Structures are given as structure tokens and as C-alpha cells.
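Peer 1: Any chance you could fold what I've pasted below:
(chains A and B)
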Amino acid sequence: MLKINNLKAGIEDNQILKGINLEIKTGQVHAIMGPNGSGKSTLASVIAGKEEYEVEGGEIDFEGTDLLDLSPEERAHKGVFLSFQYPVEIPGISVSNFIKTSINERRKAAGLDPMPAKELLRKLREKMELLSIKKGYLSRNMNDGFSGGEKKRNEIFQMAILEPKLSILDETDSGLDIDALRIVANGVNKLRSEDNATIVITHYQRLLDYIVPDFVHVLHNGRIIKSGGKELAHELEEKGYDWITKEADKKWD
Amino acid sequence: MGLIENLKSYTEGINLSSDKKELLDSFLTKGFPSIKDEEWKYTSLRKVVKNDFKIDESSFDISENEIENYSLNLVDRILFVNGNLISKPSIKGVTISNFSEGNITNNTEMSSLNSALAKKGFTISVDKNIVVENPIEILFFTNSETDNFQQYRNQISVGENAEIKFVERIQNLNKSKCFVNHFTQINVAKNAKIEYNKIQNNTNNSTLIDTLNVFQESDTNCCVNTLIFGGELTRNNLNFEQNGTNCDSNMNGVSVLDDNQIADNHTFVDHKQAHCRSNEMYKGIYLGDSKGVFNGKIMVRQDAQKIDAFQSNNNLLLSETSTIDSKPQLEIYADDVKCSHGCTIGQLDEDALFYMRSRGIGVEEAKAVLTYAFASEAIENISVEEVKLLAQKLLAKKLNVDLDFSL
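Peer 2: I've put the predicted structure just below:
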């Protein structure tokens, strides 16, 4: 589904990603871990198409198309979804209005008419139930005055509604208490299928107890320095990052 | 010939009472306000008044179709065509009649001119204790073939404990140039409530100077919403005078301009009595070479203690060449009051744009949604649903996107 080849990107003169290679097949969950500043969020943003990052080389092949040739909205239409580490507050637009617009913009791109109101409401209700979201939530303004946990839950709610092929969860666990974490992880697990894939970006192992990955990659200084199975996450939790980053630093210096 | 010359030759042939003659003479001596006048510093009428506007065009043919196109098609409708009252609703406890003289006003050049020569407009009185559920639509249409100058003079008096809502629209239906000098006085008796909505979406060869004076007795609640989407030049003078205690004066404004449009909102709240509130929220969105002006004056007189006055003017400049001049003016002579004002000028938030695009919303649509979000705070305060929907529709149209903001 996704094949990243030697991806190099940065901001202005500062190179952050120094040659990322990653392959993800449908049905898989990949975790990307790494210390602060290793480039995890940059990778997520570059896949989603954030324009302030300059791509210097490489490609991101997504089902035969290079995502780098597409605008952020076109990537979304193809089925890429980024759950933001810091979801943006948009006062003045209700959650329902925002979601309606994003559904219908996707339908427009696919040559479809807007979703009938009844169908939309049914879908919203169904996904609200999945994520234990209370009534009244839909008329609140988008992320405006939401707690950290509510914002993250709102991201997963949108993911549930948009049903992307590739979901990238950027630090979705930060700001969540243990109950909210369980609900969100449970939602993500229910949305998993043989036709989609998930990238979980996280600093801690905690989230991976709930969303169990097939592969774990360690990102450090803009490169994937180690890949393994889910047991790698446990090892990192126990030993920290130093033991592999030191080795990698020697190699690349 | 310019408008001043045309006014001179028009008035040579008519008889005026001595006080009106005096008003007219003082106007003709001073002429139209210019940018040397502090109140008109940022808005120039020089170009407009050079036009060869004709005065007093009186034909009134109009098709149902034309009316429907520019109307909210509310059940209760007052229709003027070229100043002639064509139709009016019949509502229990509400008397609607043609122009009546009313008091002379001479506090500005434009109101002197209006006072001296206006012969068209409406007079509405609402009996006490009458609560009118449905908003009343007031339409002033012009469809003159020649460039024309119109003056309307209107009066509304709302009786004690009465409640009423209006939606007003002034529209030029022809390609000719049109200049309207509009004057409305509203007197609100004790414990009465009024909402006045102004839809200003005229053609790009139309000029409007609209003066609305609201006089409030105690325990009254008055709200004026001004929506500017069109017109070559639009100037609103909105004045509230609080003559009793426990009054609320609310103002919401949304201006969405493009091309070379100019919109100037001048507001003035005169807090004369204690325990009153005023709240104004003006949002401006500027595209193309458009220009906005906001001047908000709040006066708190010495005896007006415990006043809570709030004013905000937020602006979005969406093009390189659009401009906004914003000026708050607070004059406070009482010592126990709460007055605050804020003004912002900015562009759209890039992070929010990326966030929306990552959810599949196209860049133009994302900009439109953010712009709508920016304006919505003021739009939400409008209680007439039809006006709210029209504002949303006009905003989407102006931003050139096909979006439906309602749900």
C-alpha cells in the first residue's frame, strides 16, 4: 500500500528526514517510536502534505501514485488520514458542519452528490457510539475549548467517519487519561481491517499495549535505525533508546 | 452636471418652509462632507457626487419576478419602488403609513439635506403590549433608467412592552447609478424590544448613506444588524441614545467586500443613564481592492454609572491590496463603568488551513469555511433565521465556493 523510498525532507536549510525507507502492506499496523526530535512528526506531516516542509528527495508511493505530486486534499481523497498531535481549534464551525464539509468535499472529488442529511446523521450517531461520545458534542465548535483528550477523541471520530485506507496517528496517546486511551484504542482496533493500514507514532509503549503493532521501527536523527516485531517496543520501554541510538550515531557520523 | 448643481436647480422650482429652506441653504453652502471632515476622513464622496444624478424619478413599474429575486419573501412585506409605497401588510396593533415629516434633524450635512428635501419613506407605529412574531420585510427598490438620487425618511415608534423585528433592503434593479441618502429614526418606549436587520448588497454602481438613530427609554432592548455584501460605497451612521436606565444596545456587523467596494461603519452609543449595556461586534472581510472603515464611538456621560460597554472590530484582509481603517473612540466621564474595546487585523491561520485540507477540504473551500467561521460569531447573533441563511449564502457566493453551512 505504502512504500517510502529514501525520503529526505526538512524546513529551510535544516534537514530533518535523512533517507527514510518504509514499506507498509494492507492489514498491517506499524509503530514508529523514537526520542524527541527524531523526526516522527515531520514524517507524518510530510506524508499528509504539509507545505512548510521541503522535500529534497525520494518518493512516497501510495497504491501506485507518488503522494508528493498531490495536494494535501488530494491525498485525503485517496484515503490518507493524519490524526494530529495538536488538533487545530476552529471557533465558529461546529463539529457536525466541519465533518459534513469534509465528507462532501471527498464525495465531490469522487463525482458524487452530497451525502443525504439522514444518512449523514445515522453515520455520525453510529461512530459517536463507537467512541462513547455524548450528545451535544456535534454542535460544539471544532476543538474549541476541548480538553486534550477530547481533541484526540475528535480526531479518531473523524477517522472513523472518513474511513481512510492509511491512518497515521501522531502521538494520539498524549493528553489521554487511561480510560480515554482505552476508548480511543478500542475505536482504532474496531476500524482495523484487511483493507486498511495504520501507522502509530508514539513516544511510549503504553498505547501499544492497546493497539498491538505488527512492526516497530525506531526513528532517530531522521533515519529508521532499527525495525522489529512488537517485542522491540517492550525492549525500548525497559532499556530506553540509548543502547541503539549510540550505535547508530557511530555508524552515521 | 454634478449633484450639488442638480440639487440647486431642482430646489429653485419648489416651495419650502422657512426652516427647511434654512437647512437646505446651509447644506448648499457647505456641500457634501469631504475627507477634511474628521467624520469622513477615510471615505471620500468626491467621485460619487460628480455624477449627474437626477432627483425625483417617479415611475413604479416592477415585475413580481424582480421582487422575488431581491426579497426574502417574508409574509409581511412593505414595498417601495422609486420611493412610491406599493404595498404594505396589515398587522394587528401596527400602523404602517407613508412618509410623514417628523422632527427636523440637522446634526450632519446629510441629515440636513434629508430633512430639507425628503418626501418619501414610511412611518410605523407599534401599539403598546403588541408582540409581533413575524419579522417585517421592508424593500426599497429603484429601477430608474437614469442615474438618480433618492432620499427616504422613515420613522418607527415602538410602544411600551411591544416587540418587533424588521429586515430592510435597499436595492437598485437597474444598471443606472443610484445614490440613496437614507434616514431612519426609531423611538423605543419602556420595556420594548426591536431588532433591525439591514441587508446591504447593492450593485457596484450604487451608493448608500444610511443614518439610523435609535432613542431608547428605560428597560429597552435594541439590536441592529448590518450585513454589507455589495454596493460601490456604503456608509452607515448608527447612533444609539440611551435615555433611560437598564437599556441594551446591540450591534452586529458583517462586511464582505471585493473589487473596489468601500464600506464605512460609524457607530455611536451615547450612554446617558446608569445601569445600561452596549455590545458591538463588527467583522470585516476584505478581498480585491476593497476598503473598510470602522469608527466606533462610545460616550459615557457623568451620570451614567455602572455601564457595561463592549466593542470589537475584527478584520480579515484576504488580498494584498485591501485596506481597513479602524478607530475606537471612548469618551468616559463616569467613574464606575466597564468599557472595553478590541480591534484585530489578520490573515487566515495556515495551520487551520492545512488541518482542513488534510481532511479532504479543497483549499478554496477551506479558506471559505475559515472565513465563515470568522464571521459566524456576528451572524449567530441574528435572530431572524432567513437573514442568517441569506448571510451564509451570500458569503459563500462572494468567496466563490459551493458550500452549505447549515445543518
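
Peer 1: What lies in contact with stretch B:340-347?
Peer 2: Residues outside stretch B:340-347 that contact it (C-beta atoms under 8 Å, 6 or more residues apart in numbering or on different chains) are B:294, B:296, B:298, B:309-318, B:324, B:326, B:328, B:330. C-beta: built from backbone N, CA, C; applies to glycine.

Peer 1: Count the neighbours of A:Ala109 for me.
Peer 2: Around A:Ala109 sit 15 other residues, with neighbours defined as other C-beta atoms under 10 Å in any protein chain shown.

Peer 1: mind listing what it touches?
Peer 2: A:Ala109 touches A:73-74, A:77, B:360, B:362, counting by C-beta under 8 Å, 6+ apart.

Peer 1: cool, and B:Asn252?
Peer 2: B:223-226, B:280-282, B:378-379, B:381-382.

Peer 1: What residues does the stretch 101-250 of chain A have near chain B?
Peer 2: Taking C-beta under 8 Å from any C-beta of the partner chain, the part of the stretch 101-250 of chain A that reaches chain B is made up of A:101-102, A:105-106, A:109, A:114, A:117, A:158, A:162.

Peer 1: Please name the residues that touch the residue of the stretch 151-253 of chain A found nearest chain B.
Peer 2: Scanning the stretch 151-253 of chain A for the residue nearest chain B gives A:Gln158, at 6.4 Å (criterion: C-beta to the nearest C-beta). Listed by C-beta under 8 Å, 6+ apart, the contact set of A:Gln158 reads A:81, A:99, A:102, B:359.

Peer 1: which SSE is the residue of the stretch 1-150 of chain A found nearest chain B in?
Peer 2: When scored by C-beta to the nearest C-beta, the stretch 1-150 of chain A has A:Gly92 as its residue closest to chain B, at 3.1 Å. Using DSSP states H and E, the element containing A:Gly92 is strand A:90-94.

Peer 1: Parallel or antiparallel, which strands does that strand pair with?
Peer 2: Strand A:90-94 sits in its sheet next to strand A:141-142 (antiparallel), going by DSSP bridges.

Peer 1: just the strands in the stretch 101-250 of chain B please.
Peer 2: Assigned by DSSP state E, counting those that start in this stretch, the strands in the stretch 101-250 of chain B fall at B:122-126, B:136-142, B:148-158, B:163-172, B:178-188, B:193-200, B:206-216, B:221-228, B:233-242, B:248-257.

Peer 1: Mind putting those strands into JSON lines with mean pLDDT?
Peer 2: Listed next are the strands of the stretch 101-250 of chain B as JSON lines, based on pLDDT from 0 to 100:
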{"stretch": "strand B:122-126", "mean pLDDT": "97"}
{"stretch": "strand B:136-142", "mean pLDDT": "96"}
{"stretch": "strand B:148-158", "mean pLDDT": "96"}
{"stretch": "strand B:163-172", "mean pLDDT": "97"}
{"stretch": "strand B:178-188", "mean pLDDT": "97"}
{"stretch": "strand B:193-200", "mean pLDDT": "98"}
{"stretch": "strand B:206-216", "mean pLDDT": "98"}
{"stretch": "strand B:221-228", "mean pLDDT": "98"}
{"stretch": "strand B:233-242", "mean pLDDT": "98"}
{"stretch": "strand B:248-257", "mean pLDDT": "97"}
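
Peer 1: Now the residue nearest to A:Gln205 when sequence neighbours are not counted. Its backbone dihedrals?
Peer 2: Leaving aside its sequence neighbours, A:Gln205 sits nearest to A:Glu237 (C-beta to C-beta, 6 or more residues apart in numbering or on different chains; 3.9 Å). Main-chain dihedrals, A:Glu237, degrees, to the nearest 10: phi -60, psi -40.

Peer 1: Assess the claim that A:Glu237 and A:Tyr204 are in contact.
Peer 2: Yes - using C-beta atoms under 8 Å, A:Glu237 is in contact with A:Tyr204, at 7.5 Å.

Peer 1: Check the residue sitting nearest the centre point of chain A and give its pLDDT.
Peer 2: Geometric centre of chain A, nearest residue: A:Ile168, 1.8 Å, by C-alpha atoms, centre = their mean. pLDDT for A:Ile168: 97.

Peer 1: For the helix or strand harbouring it, which helices and strands make contact with it?
Peer 2: For A:Ile168, the element it lies in under DSSP H and E is strand A:166-170. Counting contacts by 3 or more C-beta pairs under 8 Å, 6 or more residues apart in numbering or on different chains; DSSP states H and E, strand A:166-170 packs against helix A:40-48, strand A:80-83, helix A:178-191, strand A:197-201.
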